[in-house]
Structure formats: structure tokens, C-alpha cells
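*Asks:* Below are the sequence and a predicted model; questions follow.
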Amino acid sequence: MEATKKIWFITGISRGLGKALAEAALLLGHTVIGTTRSGTADIERSKGRLHVLPLDVTDREQVFATVKKAYDLYWRLDVVVNNAGYGLLGAMETTAPDEFNEVMNVNFFGTVNVMQASLPFMRAQHSGHIVNLSSIAGLAPVGGYAFYAAAKFAVEGLSTAVAHEVRDLGIKVTVVEPGAFRTDFLTDSSIRYTTESIDDYAGSAGQVRTLLENMNGNQPGDPLKAAEAIIEAVYSEAPPLHLVLGQDAFNRVSSHTEAFHQELDKWKRLTLSTDYPQLATKCKE
């Protein structure tokens, strides 16, 4: 890992996993071009080089200008990390249009903007690695954050499709699905709540909100270890498309996958009954 230093472009380095990843990369001597809304970040440079640029990922014009500015600093982008985002808690029925539009704009379309701005440079250099921060909510969601889950589901689909599109261009894609890590994600700086609430959802969405509020400060995941895991994955000979982080995330994905396969088997007869007879016969052969 020490042999080859990389140029990292990381959105949202002011806090959370973005900050931890920037610090870990700098400690190893890499160059980090990070973004925050204010253009400032409380990060020590360590052994590497740090540049901080202002960026609102929902401002498409600013995204393209900022990514080009980042590229022009060293004439390459080795790793682009889409980390900027926030959570939205509340039942789907009670989520107002401005609330769900904004969470989709930041978490999904912000990622789209950065990817579309970065890919031309990566194609030209025939190399690069895109790392998209998703969530356990993108693989195995529960009630209480439907639109946040929807945004992360969209990131999952986008990442998988793009990985297929760029696989012969020297570009790799990894989507990271963290569980609960001890960052400030569950504080007011990174989480928002729907304005409206309905008592009928107290036992589902309301229960999840209470659970997450009580978890704040006691999350099992170590952000530094998550950052080190991401860097190790980036440097591996065959980086994963999906990188699940945390014991809690592993358990939830495993349970979700098992339940999916059980349901798939249970309804197999009905699933296979919908083809034209001659095509179904060919499939069996």
C-alpha cells in the first residue's frame, strides 16, 4: 500500500466516515482533495497533502467545475469517493415533497453529478476507482426512513450498473454498505426528521426513530477501522463491488438474503408459470 500513493477526491469530509477516510488516507501519505459545503475542514494533514474545496453536490454546475479543479491540481483522479449525504427519519406517508426531494437530491443525484463529472477523466487515464457510500438501509431497510432507503437503493442500482459499463475501461466501482458507526450521523448535523408524524406509525417508524436516538454515541462500529477497510479494498487486486461494514450490517444482510431466498423458493411455481409454454419447456431443457 505504501508503494503507490493515490489522489483521492472525497466529498463530505467535515465529519463522519468521510473525515475518517480522509484522515486515514493522509496518514498513509496520500493526497486528499476533499469537499465540504463551507470549503473548510478540521483535519490534520499528517504525512499526505490536503486540499479542501467548497462544494454543494446538488449544484451540478459547481460539481463539474470542482471536479475539474481537483483533476487539474495533479492531472489525475485515482479514487473518487461519494460520501456526502444525510439521513431522514419518519414514516413514508408523513414525508413532505420538499423533504423527500431533498434527501434524494443530496444522497442520490449528488452522487450522479460527481460520477458524471469524474468519469471523463478516468476514461482518459484508463484507470480509477469510484467508491460510493451507501448504507445497510440500501440493502436491508426497515421502516422509519423510507426515502433515505430509497436514495441508497438507487445508489446500489447505479453503482452495480456503472460497474458493468466501465469494467473494460480500467475503472472499478465499489459500493460501501456500513452499519451503525460511532460518528455524528445520528446527531442534528447529519440527521433530519419529517415535520409531520402520525400515531398509527408509533409501533413501526416511531419505534425505529426511538431506537436510533438511543443508539447515538453507542454505535458498535469504529469509523477509523471502516476507513482502513475501504482503503484495503481499494488496494486489493480484485476490489469488491459490495463492501458491507460492521457485524450488525453483516447480520442484517445475511438475514435479509436468507429471507429473500426462502420467499423466492416458496413462490417459484407461480414465478415460472408466467412464461409462454414453449419458452418454459426450452428453459427446463
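*Replies:* Perfect, thanks for sending it.
*Asks:* Quick check: which ranges of the protein have low pLDDT?
*Replies:* Where the chain drops to pLDDT under 70, the residues are 1-3, 45, 182-191, 206-220, 279-285.
*Asks:* Grab the most central residue of it for me.
*Replies:* In the chain, the residue lying closest to the centroid (C-alpha atoms, centre = their mean) is residue 133, at 1.8 Å.
*Asks:* Enumerate every residue touching that residue.
*Replies:* Going by C-beta atoms under 8 Å, 6 or more residues apart in numbering, residue 133 touches 17-18, 81-83, 85, 155, 175-176, 178. For glycine as for every other residue, the C-beta is placed from the backbone atoms N, C-alpha and C.
*Asks:* if you set the cut-off to 10 Å instead, what comes out?
*Replies:* By C-beta atoms under 10 Å, 6 or more residues apart in numbering, the residues touching residue 133 are 10-12, 16-18, 21, 81-85, 107, 111, 152, 155, 174-178, 226, 230, 245.
*Asks:* what do you get for residue 173?
*Replies:* Contacts of residue 173 (C-beta under 10 Å, 6+ apart): 80, 115, 128-132, 158-167, 239-241.
*Asks:* and with 8 Å instead?
*Replies:* Residues in contact with residue 173 (C-beta under 8 Å, 6+ apart) are 129-132, 159-160, 162-163, 166, 241.
*Asks:* Can you get me a residue count around residue 52?
*Replies:* Counted with other C-beta atoms under 10 Å, the neighbours of residue 52 add up to 18.
*Asks:* for the helix or strand containing it, packing partners?
*Replies:* Residue 52 is part of strand 49-54, with elements assigned from DSSP states H and E. The contact analysis (3 or more C-beta pairs under 8 Å, 6 or more residues apart in numbering; DSSP states H and E) places strand 49-54 against helix 16-27, strand 31-36, helix 60-74.
*Asks:* 7 Å instead?
*Replies:* Applying 3 or more C-beta pairs under 7 Å, 6 or more residues apart in numbering; DSSP states H and E, one finds that strand 49-54 contacts strand 31-36, helix 60-74.
*Asks:* Residues touching the next helix or strand after the last one, excluding its own?
*Replies:* What that stands for is helix 60-74. Downstream of helix 60-74, the first helix or strand assigned by DSSP H and E is strand 79-82. Identification of contacts with strand 79-82 by C-beta atoms under 7 Å, 6 or more residues apart in numbering yields 6, 8-11, 21, 111, 114, 118, 128-133, 234.
*Asks:* repeat for stretch 241-257
*Replies:* 136, 139-140, 160, 163, 173-181, 220-221, 226, 229-230, 233.
*Asks:* can you give me the helices for the stretch 151-285 of the chain?
*Replies:* Taking DSSP state H, counting those that start in this stretch to define them, one finds helices in the stretch 151-285 of the chain at 205-215, 223-235, 247-266, 268-272, 277-284.
*Asks:* Just name the most buried of the ones you listed.
*Replies:* Highest mean neighbour count among the helices of the stretch 151-285 of the chain (mean count of other C-beta atoms under 10 Å): helix 223-235, with a mean of 19.
*Asks:* contact partners of it?
*Replies:* For helix 223-235, contacts defined as C-beta under 7 Å, 6+ apart pick out 1, 17, 20-21, 24-25, 79, 129, 131, 174, 176, 178, 181-183, 239-240, 243, 245.
*Asks:* Pull out the buried residues from those residues.
*Replies:* 17, 20-21, 24-25, 79, 129, 131, 174, 176, 178, 181-183, 239, 243, 245 (16 or more other C-beta atoms under 10 Å).
*Asks:* hmm, back to that, in helices, which of the contacts of strand 79-82 appear?
*Replies:* Assigned to helices by DSSP state H, the following of these qualify: 21, 111, 114, 118, 234.
*Asks:* which residues sit in contact with the fourth one?
*Replies:* The neighbourhood of residue 118, defined by C-beta under 7 Å, 6+ apart, consists of 67, 77, 80, 130.
*Asks:* of those, closest to residue 60?
*Replies:* Among the contacts of residue 118, residue 67 lies closest to residue 60 (C-beta to C-beta), at 10.8 Å.
*Asks:* contacting residues around the residue nearest to that closest one when sequence neighbours are not counted?
*Replies:* Closest residue to residue 67 apart from its sequence neighbours, by C-beta to C-beta, 6 or more residues apart in numbering: residue 117 at 3.9 Å. With contact set as C-beta under 7 Å, 6+ apart, residue 117 has these partners: 63-64, 67.
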